[in-house]
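1. just need the structure, nothing else, for what follows:
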Amino acid sequence: MSILLSDSEISALIAETKQLEPGYLSRLQLRPKQGHKERELDITGESGSEFRLILRQNLLNVLDFSVIRGYSPKSSSQLFRLRRYNGKATSIRTKSNGRLSMTFTFTSPLSGTSILD
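-> Residues are numbered from 1 along each chain as shown. Below is the predicted model of the structure:
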């Protein structure tokens, strides 16, 4: 069954306070998987909503990563992706000043894709 949420429902889920339990950092240690490292963390929101934080990172390029904030409705086993943050798979070092330039993309069901420099 597909998950259908209105823009106001999505906004409310994003705004809902999510408290992390003590010791959550040890549960976020990424574990090797096929070609990448990954970890998931289930979080209960202030209103009782169930969320999942998914972290993925490429084994060869640490800038190639994704962080996904998902919502798991009680009536479904599907995960609705509220937000996704992606690292850039390549980095560029400019010749003029030698500084590293990284770009991150952010995807939301409300606004589409935005570029964050």
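
2. distance between the ends of stretch 53-72?
-> This stretch, stretch 53-72, spans 11 Å end to end (Cα to Cα, to the nearest Å).

3. err, stretch 26-41, not the other one
-> The separation between the terminal residues of stretch 26-41, taken as Cα to Cα, is 11 Å.

4. what lies in contact with it?
-> By Cβ atoms under 8 Å, 6 or more residues apart in numbering, the surrounding residues in contact with stretch 26-41 are Leu20, Tyr24, Arg52, Leu53, Ile54, Leu55, Arg56, Gln57, Asn58, Leu59. C-beta here means a position set from N, CA and C on the backbone, and glycine is covered the same way.

5. in which helix or strand does the nearest residue in space to Leu79 that is not next to it in sequence reside?
-> Of all residues not flanking Leu79 in the chain, Gly70 sits nearest, at 4.1 Å (Cβ to Cβ, 6 or more residues apart in numbering). For Gly70, the host element (DSSP states H and E) is strand 65-72.

6. can you list the residues that contact that strand?
-> Residues contacting strand 65-72 (Cβ under 8 Å, 6+ apart): 3, 5, 13-14, 42, 49-58, 78-87.

7. and the next helix or strand past it?
-> Scanning forward in sequence from strand 65-72 by DSSP H and E, the next helix or strand is strand 80-86.

8. and that following strand, what other elements does it pack with?
-> The contact analysis (3 or more Cβ pairs under 8 Å, 6 or more residues apart in numbering; DSSP states H and E) places strand 80-86 against helix 7-15, strand 65-72, strand 104-108.

9. tabulate those (a markdown table), appending mean neighbour count and distance to Lys37.
-> Listed next are the helices and strands packed on strand 80-86 as a markdown table, based on neighbours: other Cβ atoms under 10 Å; distance: least, Cβ to Cβ, whole Å:
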| stretch | mean neighbour count | distance to Lys37 |
| --- | --- | --- |
| helix 7-15 | 13 | 26 |
| strand 65-72 | 18 | 9 |
| strand 104-108 | 15 | 18 |
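
10. tell me which residues of stretch 38-55 come out buried.
-> By neighbour count on 16 or more other Cβ atoms under 10 Å, the buried set for stretch 38-55 is Ile43, Gly45, Ser49, Phe51, Arg52, Leu53, Ile54, Leu55.
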